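# When you get a sec, could you give me coordinates for this:
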Amino acid sequence: MIHHHGLPITPLSALYELAGRHFFVSFARPDQVRQAHSIGQSVALDNGAFSAWKRGYQPDWAGFYAWTDQWLAYPTTWAVIPDVIDAGTQEQDALLREWPHGKRQAAPVWHLDEPISRLLRLCDEGWSRVCMGSTAEYADVLSDAWERRMDECWNEIARTFARTPPIHMLRGLQLSGNRWPFASVDSTDIARNHNRPGNTPRAMADRWDAMQCPARWTVRAEQEELV
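Coordinates of the predicted model:
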């Protein structure tokens, strides 16, 4: 599992403690994208849809396409394709068709309230990876409902693919070391908490980066939701 640490991290001296790590830069806060590419092992470019959804504004997708075009010159950089939270699958697929930069460094988003058949299709379409994103229905990560849905997803993935496809869990750093075999996760935990007593950016990254997930998923019995 690769752990992407969300930026910006301030002051800059705190960011530079993380030289050689993997970073996650949002289009909503691109302040440190240049520094991330100068010291990072890899960089993921987030489309900022979650911030737009939380704050109630319309994303500038044309601006995002131009921004990612510059940084995808780095072969270790990849981008989260635009998505709309709590929208239908037709709207999501329309945004995939608009994406101008190919599949090799791009990841579509599948939301937990969408049909699992769409997740399986995306995993089979040749993207660099597929991102999973929570929704209003599954906003409480690691709640009983969230875990049931995640088990259901991974059961279908395991039944469909001989090898685990690369899946990134958006805002999923807390799942490090858990049972689901994610290829990568991200979080702004270090950015938000490195200045607390006893914390340093490097020590926090060391702890997170040492926690790995299993390589494979073993199909589990699915529990019916209690009504």
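# just for the protein, where's the confidence low?
Along the chain, the model assigns pLDDT under 70 to residues 224-227.
# Show me the helices in it, by range?
Counting by DSSP state H, the chain has helices at residues 12-16, 33-39, 49-55, 61-71, 89-98, 116-123, 144-160, 189-193, 201-209.
# Enumerate every residue touching the spatially most central residue of the chain.
Central residue of the chain (C-alpha atoms, centre = their mean): residue 170, 3.0 Å from the mean position. Applying C-beta atoms under 8 Å, 6 or more residues apart in numbering to residue 170 gives the contacts 46, 50, 80, 109, 131, 132, 133, 134, 186. (C-beta placed from N, C-alpha, C; glycine too.)
# related to what we said a few turns ago, would CSV of the helices of the chain with mean neighbour count and distance to residue 23 be doable?
Putting those into CSV (neighbours: other C-beta atoms under 10 Å; distance: least, C-beta to C-beta, whole Å) gives the following:
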stretch, mean neighbour count, distance to residue 23
helix 12-16, 15, 9
helix 33-39, 17, 4
helix 49-55, 16, 17
helix 61-71, 16, 11
helix 89-98, 13, 24
helix 116-123, 18, 24
helix 144-160, 17, 25
helix 189-193, 17, 10
helix 201-209, 16, 11
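# Tell me which of those lies nearest to residue 3.
Nearest to residue 3 among the helices of the chain is helix 201-209 (5.0 Å), distances taken as C-beta to C-beta.
# Please flag which of the contacts of residue 170 sit within strands.
Cross-referencing the contacts of residue 170 against strands under DSSP state E gives 46, 80, 109, 131, 132, 133, 186.
# Would you point out the most distant pair within those residues?
Largest separation among the ones in strands among the contacts of residue 170 by C-beta to C-beta: 46 and 132, giving 13.7 Å.
# Specify which residue of those two has the higher count of neighbours.
A count of neighbours by other C-beta atoms under 10 Å puts residue 46 above the other of residue 46 and residue 132, at 26 against 22.
# hey, what's that one bridged with?
Counting by DSSP bridges, residue 46 forms beta bridges with residue 26.
# how close does it get to residue 66?
16 Å (C-beta to C-beta, to the nearest Å).
# circling back to that earlier point, can you put the ones in strands among the contacts of residue 170 in JSON lines and add distance to residue 11?
Listed next are the ones in strands among the contacts of residue 170 as JSON lines, based on distance: C-beta to C-beta, whole Å:
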{"residue": "46", "distance to residue 11": "22"}
{"residue": "80", "distance to residue 11": "27"}
{"residue": "109", "distance to residue 11": "32"}
{"residue": "131", "distance to residue 11": "30"}
{"residue": "132", "distance to residue 11": "33"}
{"residue": "133", "distance to residue 11": "30"}
{"residue": "186", "distance to residue 11": "21"}
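# What subset of these is buried?
By neighbour count, with 16 or more other C-beta atoms under 10 Å, these hold 46, 80, 109, 131, 132, 133, 186 as buried.
# Pretty sure the last one sits against residue 176.
When you say that, I think you mean residue 186. No - with contacts counted by C-beta atoms under 8 Å, residue 186 stays clear of residue 176, the gap being 10.7 Å.
# which residues are common contacts for those two?
Listed as contacting both residue 186 and residue 176 by C-beta under 8 Å, 6+ apart are residue 3.
# The residue lying closest to residue 158 once chain neighbours are set aside: neighbouring residues, count only.
Distances taken as C-beta to C-beta, 6 or more residues apart in numbering place residue 217 nearest to residue 158, at 4.5 Å, with adjacent residues excluded. Residues near residue 217, counting by other C-beta under 10 Å, number 20.
# And for residue 182?
Neighbours of residue 182 under the rule other C-beta under 10 Å: 23.
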